[in-house]
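> Model the structure of this input:
(chains A and B)
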Protein chains: 2
Amino acid sequence: MSKLKNDLFLRACKRQDVERTPIWIMRQAGRYLPEYRSVRAKSDFLTMCKTPELAAEVTIQPVDIIGVDAAILFSDILVIPEAMGMHLEMNEGKGPVFPNPIRSAEDVYNLKDIDPTKELKYVIDAVTLTKKNLDNRVPLIGFSGSPWTLLTYMVEGKGSKNFSEVKKLIYNNPDLAHAVLDKLANTVADYLSAKIEAGCDAVQIFDTWGGILSQKDFEEFSLRYVEKIISRIKRKDEPIIFFAKGVHFKLDKLAATGADVLGLDWTMDLGKVRKEVGDKVALQGNLDPTVLYADKSYIKKEVKNVLNSFGKGNGHVFNLGHGVLPDIDPENVKALVQYVKEESVSFHRGDAEAQG
Amino acid sequence: MSKLKNDLFLRACKRQDVERTPIWIMRQAGRYLPEYRSVRAKSDFLTMCKTPELAAEVTIQPVDIIGVDAAILFSDILVIPEAMGMHLEMNEGKGPVFPNPIRSAEDVYNLKDIDPTKELKYVIDAVTLTKKNLDNRVPLIGFSGSPWTLLTYMVEGKGSKNFSEVKKLIYNNPDLAHAVLDKLANTVADYLSAKIEAGCDAVQIFDTWGGILSQKDFEEFSLRYVEKIISRIKRKDEPIIFFAKGVHFKLDKLAATGADVLGLDWTMDLGKVRKEVGDKVALQGNLDPTVLYADKSYIKKEVKNVLNSFGKGNGHVFNLGHGVLPDIDPENVKALVQYVKEESVSFHRGDAEAQG
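Alright, predicted model coming up:
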């Protein structure tokens, strides 16, 4: 069916039979890897995003070094607002900053309409090159921030504790907020469609800041735009993963967005969520990223806990509940991948309870 | 029954009949009030905590100015580790810092055993003076951080994004973590008992960082120590409120701790939680604090949404879902209190659906 040598990840996304649970790791192409830091030492972060050879190189590193079952294209969610004309500064350690955040209708109207195949051609080129260099070993995932998460960064301008500015916008000028969110939804849909067209085998939408909203505000300002994106993405059968960190509510609605997979953070109970929505979507997650600070025997025990929490049967993609942290020992990440590969086999054999 | 002129808050905590829903606001004695800032301009934060006259003055300000139905003693959760011997620096804007955080068994064994009536006598004196000056107008709430939340600050030493250090401690040295947590639980129980003995009419336990833990780690490292505290607090019928921010799971266990009231953040659905646990505990919350950036008509609409979400009947204490932010207009806080007082009357009249 697939030219891919290892398509476990794609089959799990579609809740098809697998011999074992596949694993990939959010931020797997990242600073915890010495090989990544060598590339990063020679280029700044945005240059890496914008140079297909460098992006492809670090994207493939964890496939070679860590043994994950999928690659995820090295990039950043903020390349979209940057392409729309917002000046972006990436300060390692301090996080990204927009020195001129969006605060007025004028700022909004100054945002450029973009065609991602043009203004973000470097991402598309990176997909093409990465697919070539991966040589069909594992699937390639493309990603985008959700409109709400992009808006949050664009309005706050930098890291925020209380997200006061974006909350002021949605309460005091909801029409303006909706105008930007709608524009972002169209752009993200085009962007992810272009990534799929260029060869991505799956895409993930990150809603990093959905969890700062009340339930009704989440539906109004985040979820409806994710639904719009999913309905507009041009794809054959490439799965869509929706990861809304901190969103512990309205799971039935998350599962009804059209996404094939829900990503879950480490505060969620996989088994409980599976009972609620598991026949509609696959689930991805959800080991606490800080467990990788522990010794290997503890990591192994926690791998078993996550596998047991989901239970036997199809539809589980193993991952952390958030990105791998920069000071984690790569040996522990390798061990994690190995444990998942070994321990998950028994969850897929003679599987009377399998769903899907 | 009570000498208090306004005991609506206490009756709501006990799920007794009330004429309207009572309201108080987390951090109501705080920087958003110009009257607070005048006091603060003349003293540093810790001096205010340690001077009963100043603590009493700012504690009573929101009763006079904002019209809340309960006062909460001005203090800080970190006075406990400070009394145990940890040097504490309070930097306005930057947050509190322990320059020498706990990282080793030696650090733990250097923590002093304290008797809160001695080492924290200034807090007890502040309770006595505040009760006198309040003249029974409204009840006085005392508070403490939970052992887990105190441990988090003591180990991280300052604000943290990933809480790496405290997670390393619980995964790699759980026995040491449990030793500190147990010591803290005993101290917090003594501390809250002493506050009640000195006149507090209710106490609240803040578990600000419970929500960074997986469900099983929350039970092991936070919840069991809150249970221990509640079982050890000496009280007559003073209600205990447990507010575990970000803890959206194991609500049945939260309701079984012996707490009379569960505080809920703004991502929770009051009505849904009430259905699950509402006959065991009262609920407190949960307006998104950033709604106070909106105009008054929007605030009023959101007040109605929160009241509707809980529904008719007893057992609701209105509050924000987290502390009031320092740059909020006090006029909006006054308006909030007024709207709750007006709009909630109809939720307590001819109330066939009332619980409790």
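> how about residue A:267, phi and psi?
Phi and psi for residue A:267, reported as degrees, to the nearest 10, are phi -90, psi 0.
> Sorry, wrong one. I was asking about residue A:315.
phi 100, psi 20.
> Paired strands for the helix or strand of chain A with the lowest mean pLDDT, with orientation please.
Within chain A, no helix or strand scores below strand A:89-91, which has a mean of 86 by mean pLDDT, DSSP states H and E. With DSSP bridges as the test, strand A:89-91 is paired with strand A:95-97 (antiparallel).
> Rounded mean pLDDT for the partner strand, please.
Across strand A:95-97, pLDDT averages out at 91.
> for chain B, what are the nearby residues on the stretch 251-356 of chain A?
For the stretch 251-356 of chain A, the contact set with chain B under Cβ under 8 Å from any Cβ of the partner chain comprises A:266-269, A:288-291, A:293-295, A:298, A:305, A:325, A:327. (C-beta placed from N, C-alpha, C; glycine too.)
> Emit the ChimeraX select command for whichever of the residues you listed are buried.
This is the ChimeraX syntax for the buried subset of these, where burial follows 16 or more other Cβ atoms under 10 Å in any protein chain shown:
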select /A:266,267,268,269,288,289,290,291,293,294,298,325
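> Tell me where the model's unsure across chain A.
A:1-2, A:92-93, A:350-356 (pLDDT under 70).
> what about the strands in it?
Ranges of strands within chain A are A:71-72, A:89-91, A:95-97, A:140-145, A:202-207, A:240-244, A:261-263, A:282-287, A:316-320, based on DSSP state E.
> The first one packs against which elements?
For strand A:71-72, the contact count by 3 or more Cβ pairs under 8 Å, 6 or more residues apart in numbering or on different chains; DSSP states H and E identifies helix A:52-65, strand A:140-145 as packing neighbours.
> How far does the longest one sit from its chain's centre?
In this view, helix A:52-65 has its centroid 17 Å away from the chain centroid, taken as Cα atoms, centre = their mean, to the nearest Å.
> Equivalent analysis for stretch A:316-329, please.
Relative to the chain's own centre, stretch A:316-329 is displaced by 12 Å; criterion: Cα atoms, centre = their mean.
> And for stretch A:142-151?
The answer for stretch A:142-151 is 9 Å, by Cα atoms, centre = their mean.
> do the same with stretch A:70-90
13 Å.
> what does stretch A:7-20 give?
That offset, for stretch A:7-20, works out to 18 Å (Cα atoms, centre = their mean).
> Over to stretch A:109-119?
22 Å.
> Repeat that for stretch A:230-248.
Counting by Cα atoms, centre = their mean, stretch A:230-248 comes out at 10 Å from the chain centroid.
> Any part of it near chain B?
Yes - looking at stretch A:230-248 against chain B by Cβ under 8 Å from any Cβ, the contacts come from A:246, A:248.
> hmm, back to that, buried ones in the least confident helix or strand of chain A?
Buried, per 16+ other Cβ under 10 Å, within strand A:89-91: residue A:90.
> Now tell me what touches that strand from outside.
A:44, A:45, A:46, A:76, A:96, A:97, A:98, A:99 (Cβ atoms under 8 Å, 6 or more residues apart in numbering or on different chains).
> Just want the phi and psi numbers for the residue lying closest to residue A:262 once chain neighbours are set aside.
Closest residue to residue A:262 apart from its sequence neighbours, by Cβ to Cβ, 6 or more residues apart in numbering or on different chains: residue A:281 at 5.2 Å. Main-chain torsions, residue A:281, degrees, to the nearest 10: phi -140, psi 160.
> ok, now which ones touch residue A:281?
A:255, A:259, A:260, A:261, A:262, A:315.
> okay, among those, which ones form the most distant pair?
A:259 and A:315 (12.8 Å; Cβ to Cβ).
> of all the helices and strands packed on strand A:71-72, which lies closest to residue B:233?
Of the helices and strands packed on strand A:71-72, nearest to residue B:233 by Cβ to Cβ is strand A:140-145, at 45.8 Å.
> Give the pairing partners of the closest one; include direction for each.
According to DSSP bridges, strand A:140-145 has these partners: strand A:71-72 (parallel), strand A:202-207 (parallel).
> circling back to that earlier point, give me the buried subset of the contacts of strand A:89-91.
A:45, A:46, A:76, A:96, A:97, A:98.
> want to try JSON lines for these, with distance to residue B:180 as columns?
Listed next are the buried ones among the contacts of strand A:89-91 as JSON lines, based on distance: Cβ to Cβ, whole Å:
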{"residue": "A:45", "distance to residue B:180": "39"}
{"residue": "A:46", "distance to residue B:180": "43"}
{"residue": "A:76", "distance to residue B:180": "39"}
{"residue": "A:96", "distance to residue B:180": "36"}
{"residue": "A:97", "distance to residue B:180": "37"}
{"residue": "A:98", "distance to residue B:180": "41"}
